[in-house]
Each structure stands twice: as C-alpha cells, then as structure tokens.
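# With the input below, show me the fold.
(chains A and B)
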2 protein chains.
Amino acid sequence: MARTQPQKRATVHDVAAAAGVSRGTVSRVLNGGYVSAQSRAAIEAAIADVGYVPNTAARNLVRRRTQAVGFLTLEPHSLLLEDPNIGAIMLGANEELSVAEHQMVSLVVDSARDTERVARYLSGGFVDGAIVVSARTHDPITRVIAALRLPATFVGHPPDLARDTPWVGIDNAGSARALVTRLAAGGRRRIGMIAAALDRDSGADRLAGFRAALGDRFDPSLVAEVPLYDYASGVKGMRELLSREPAIDGVFAASDAVAAGALEALRDAGRSVPTEVGLVGFDDSSWALRAQPPLSTVHQPAREIGAVAADLVLRQIRGEHPDPVVLPSPIIWRTSA
Amino acid sequence: MARTQPQKRATVHDVAAAAGVSRGTVSRVLNGGYVSAQSRAAIEAAIADVGYVPNTAARNLVRRRTQAVGFLTLEPHSLLLEDPNIGAIMLGANEELSVAEHQMVSLVVDSARDTERVARYLSGGFVDGAIVVSARTHDPITRVIAALRLPATFVGHPPDLARDTPWVGIDNAGSARALVTRLAAGGRRRIGMIAAALDRDSGADRLAGFRAALGDRFDPSLVAEVPLYDYASGVKGMRELLSREPAIDGVFAASDAVAAGALEALRDAGRSVPTEVGLVGFDDSSWALRAQPPLSTVHQPAREIGAVAADLVLRQIRGEHPDPVVLPSPIIWRTSA
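Numbers count the residues shown, from 1 in each chain, chains lettered A, B, ... in the order given. Next up is the predicted model:
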C-alpha cells in the first residue's frame, strides 16, 4: 500500500519548470493572454503532465466571491438522523443553489466546539452566504452572522432575530390551531399535547395554536413538554400524559416523529388509535405515511422552504433586500384521528 | 424591511481609513508586529467600528491549507432522507474532524450538474481532503479526486478504486453469508433475496454472500433486483418475489429499509412474519428496531466507519499513507426470523 509520490498539489512553478518557460508566461496562458503557439503547446502539455489545477480559491479571493453557500443545521446529532424535514429542506436548497451554479456546503452545529469552529469558518471567507435551520433564541451563530454582515436566511423566525433579516417559514400557530380545532370537532373531550422544542419559534408557536384552539377547555396539566422533535420524546411524552390523565382521548404531537413515538406508547398501553384516542402530528413527513394508522397532520412544504431559503440568500448576495416569505401549510386528514 | 447599509464586508483598507493610519500599520497589528500603543488602540477601535474580520481564506491560501474536509454523498436525493446510515457515518466523521479542529463540509452529489460543480469545488482549493460515501463503479468523482491527488478516503471499495487509496468498510459478503446461513438453519426451504444497488461494492458483495450461503440450493429466479436501498424498492421487490414463488418462506433484504418495505408487501399479501416467512435485513439501523416485528440483521458500525474515515483522511493530510480498515459487523438476531 506504499505510495511512491507524496500527495502535493502541483503549482504554476511546477508547470513553468516542466515547460521550460517563465511563471509569467504560464500565467498569461492561464489568463487567456498572448503567447506563441509553441509556448502554449509546451505549457498545455506540462499542465497535463504535472496535474496542475488552477486555484479557484485564489481567484475568488480577488473577487471576494466563493460561489459557495453554507447550510447550517443547529440540531443535536441524533435528530439529524430522524427528521426527514431537515433533509428535505437541504435538498430543496441544494437544487435551487445548483441551478444558480452555487455550491451548497452543509455544516453540522451540535457542540460548543462546533459553534466556535463554524463561526471561524464563516468568518474565514469560505462562503458568500448562509442558510440557518433551527436557530434557537440567543443562538451564538445568529450573533456571528449579524456581526459578519453575511447574507443569510433563517428557516423559521427566532424571536431575537434582527427585524430586517429575511426568513422563510410557515404559520405554525395558525396551522396548529386549525388542526386541533378539527380534532376537537370530532367529539374528543380530553385533548392533550406533547409539546417539543419550546426554545424554538416552531415549538412555541405550535403550543400557542393548541391553546388558542381549545380556549376555555385548555388544561395546562395536559401538556407534556419534551426537548426534541423525535421518536423517543414521543414515547416519553405519551407515557406521561397517560399517567396524568388515563381518560385522555385526543393528542396533538408536535411533530410526526413525536406522534410515531406516541403511537408506540399507546400500543403498549393497549389503547387503539383512532377508536379510543385520536392522534394528530405535524410535518407530513415519511413518519406520517408509514405510521399504522397513517397520521392526520399539517403539511410542511419542506422542499419549497429550502428552495425559497436559497433564493433569499442568492438575492441578498446580488445586493437585494428581500422580504420574509410565509408558505401555505394545509391540513392533511388521514385515519389516526 | 429596507436596509440602510448594503451588505459589504469591511477590508483592511476600511480599517486603515477609520483609524487614520496606513494599511501597512494595520497589517502589522493583525500579524502581531510592533506598533505604538496609540496606533494599536486606534486600530482596534476601528476594527470594532467597521466590523472587520481577518480573512482566513487569504491566510490559508498562503499555507495552502483550509482546515476543511469535504464529505461527499453520491446518492440520489431521496435516499439521503431515508438511509440512517449515511447520517450516522456523517456524524461520526464530524465528531472526529471536530476534535482535530477541522471543519466538515458536506456536499450532495445527485445530478450530472452536481458532479461538475463539486469537481470544480474540490479543485478550487476549498478543502484539504475528502470522504466519499457510496461511490459507484466508474464514478466521475473518483477520477476527479485521483487527478487532483486530493487526500481522500472511500467508504466501501468500488472495484475501480486505485489500489493505494485508503478505504474503510465492513465484510459485506462474509456477513451476508453468515446471516443467510443462520436463516437457512432455521428450516426455511425457499429463500429469496431482494438485491439492491448492484453497481456498488456493498450491493454486489451482499448478493455474493447470499449465493455462497445457499450453495447448490441457490436459485437465481429467487433474486429480485432493485436499484436502491430504500423502502419503496423493498415493497416492489417483495411483490415480485411473491408473484414468482408463492411458497417463498425466507427473504434476505439487502438493507433494513428494504426489509421494512418488504414487511409492508408481506402484510398486504396476508403473510405473517416470522411464522410463515422469515425476513432478515442489513445495517441494524433505526428501521430494524422500529419494524414490527423487529428485524434480525447485520450490525453496520456506521458512526465508527465515519470516525475511521475521518482519521484516514487526517493522516493523509499529515503525509502518512494509512492502510484500509475493515471493521467487524456482527449478526443481531431479533424476531423477524
């Protein structure tokens, strides 16, 4: 397995030496300037010989443009593996950036170490802009982006986001309210919620919508708070609700993954869905379709959110000041309630 | 929403102008050289005022180091959302790179347009090395990396990979053989396989292991070929096997996601698992645990694969020539067979 050549990238100097010309002559060829046909042929052969690749980073440095956009996911690692929405947002953004000849570079931010390193990366001139998913209130990355004046779009709207920062999202509160109103209209009398991620706008807004839908019937003891939009939180939250109120007959889970976990806890407790307990989720992700029974939920247009986020960044890079975008998120009623 | 200032990054020139000193003086401060206390104070105030951030890209250019490593996923978009292994490999790599103060930048390669753009990005000096997941035979990215002499690690071993390119993976053929041998030992007589991704080493090797386990009993008509390691392929492959051989009583699905899809097709056909049909998967991903019944499978140490891949790249960046690594992949026997 020994390699005979050390891995070292060829430089203009190597090309010049191989072609027997000056570095200036090589530069003229690279930049499309005039050289004799003979020198050009020698240089082109030398470029192939030594495996020289022109350094885009050097040229970008002069232009101060990288044609790259960061995609930052501020989520615990475990959730990145479970949440189909983040993947769909990422792919929607990648498609849009790809058409515009921009490279999306995806950066995971999980630990404090990640935060510092990503902050250095963003300030290092490697990207022209950033898309930020799942920022929490007082997120250090939000401050870094503001300090750098980096063109950026947020997915969702953390409360401390500067007013003029473009963002894209859905009406979480309005959609949750409409969904829970429909659940209640089906005759469910003791409706609880598994509320997740209350430190994000999406989590807090879904709880606000739940509360608004129930009005006077809202009972704070029927809200189980869990940290993450994940399956394990759904199992835990549902067990908690069942122990607090055995007669519970309706549940709004803050995401489809949470609802899938709640289904497991209900199955373990011998409760049938939807006959004894009506269950609704949020997102319309693959979790909703594959649950048994399939989940009634809110459709979150994740790919379109990604595409719009990319468009908002590209417009800022071009010097425009786009307005925030709120996309429609209709109810999808299946058989779990 | 109008912004009063255009988004433009401050330069050394802006700092010098605001501080009333020359650019050379600013450079001396930035590089830790000597200047008067008065100039230093003025320059530090000016740096804060204009929001100047030193350009790491410029300094990296001189060193020809970026402290960034690309993570390339050569998968169709849809699979990226479904395959928990890719996410786990990514997170394992991120952790290892993070400890070594390297930034992982993840790049999606799906379309021909993506391939060209990523090739340009890799050749542009934005990363010091690359981790490549799911390369197919004759993948253009493999050729680009070889031409650039970029330090790289492959996850899995495409047949046309240069012999001295370090890679990390598991013994797909040996594990598949052991798994199917155990399935057959349970008394199953008509055993089929849903074979996926035969253009990858993993897919081809799992089929080879299946064939080796059955020996003379191998029947090519009981192999349904599907393109991807995904749920939809599992549904389709299982329907095909059932129509070809209604008496089928054992199935090896090439991944857990494929097995989950096969479970749906078996349920639709009224076949009980494991009573009438024994079903085994591969990966030991979240699909295996959440299937009803939970899947017997092969444990793929995805996080560790990611961590080793990162280590192999970092060692090459330091000038070492590490050997390939094959990690253990034990059988996990649950209740689906």
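# Do a quick rundown of the strands in the stretch 1-150 of chain A.
A:68-73, A:103-108, A:129-133 (DSSP state E, counting those that start in this stretch).
# which one of these has the lowest average pLDDT?
When the strands of the stretch 1-150 of chain A are compared by mean pLDDT, strand A:103-108 comes last with a mean of 90.
# got the contact list for that strand?
Outside strand A:103-108, the residues within contact range by C-beta atoms under 8 Å, 6 or more residues apart in numbering or on different chains are A:67-73, A:75, A:77, A:80, A:90, A:93-94, A:97-98, A:114, A:118, A:121, A:126-127, A:310, B:90-91, B:94, B:103-108, B:117-118, B:120-121, B:126. C-betas here are computed from N, CA, C, even on glycine.
# picking that back up, out of the strands of the stretch 1-150 of chain A, which gets nearest to B:Ile141?
strand A:103-108 (13.6 Å; C-beta to C-beta).
# can you name the farthest residue from the center of chain A?
No residue in chain A has its C-alpha farther from the mean C-alpha position than A:Gln38, which lies at 52.7 Å (C-alpha atoms, centre = their mean).
# what's the pLDDT at that one?
Confidence at A:Gln38, expressed as pLDDT, is 79.
# Which stretch among the strands of the stretch 1-150 of chain A approaches B:Val298 most closely?
For the strands of the stretch 1-150 of chain A, the distance to B:Val298 is smallest for strand A:103-108, at 26.8 Å, taking C-beta to C-beta.
# Now find how far off-centre the closest one is within its chain.
Mean C-alpha position of strand A:103-108 versus that of the full chain (C-alpha atoms, centre = their mean, to the nearest Å) differs by 10 Å.
# Just the CA coordinates for that strand, please, in CSV.
Taking C-alpha atoms only, strand A:103-108 is exported to CSV below (Å, rounded to 0.1, in the frame of the first residue of the first chain):
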residue,chain,number,x,y,z
GLN,A,103,-22.1,25.0,-4.2
MET,A,104,-24.1,24.2,-1.0
VAL,A,105,-21.8,23.3,1.9
SER,A,106,-23.6,21.7,4.8
LEU,A,107,-22.2,22.3,8.3
VAL,A,108,-23.4,20.5,11.4
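# what angle sits between it and strand B:68-73?
When axes from the mean of the first three to the mean of the last three C-alpha atoms, to 10 degrees is applied, the directions of strand A:103-108 and strand B:68-73 differ by 100 degrees.
# And strand A:103-108, what's buried?
The neighbour-count check on strand A:103-108 (16 or more other C-beta atoms under 10 Å in any protein chain shown) flags A:Gln103, A:Met104, A:Val105, A:Ser106, A:Leu107, A:Val108 as buried.
# ditto for stretch A:199-217
Buried residues in stretch A:199-217, counting neighbours by 16+ other C-beta under 10 Å, are found at A:200-207, A:209-211, A:213-214.
# which one of those residues is nearest chain B?
Of all those, the one with the least separation from chain B (C-beta to the nearest C-beta) is A:Asp201, at 17.9 Å.
# hang on, the closest one packs against A:Gly156?
Yes: counting by C-beta atoms under 8 Å, A:Asp201 does reach A:Gly156; the two are 5.0 Å apart.
# Tell me which helix or strand A:Thr153 sits in.
Secondary structure here is read from DSSP states H and E; on that basis A:Thr153 sits in strand A:152-155.
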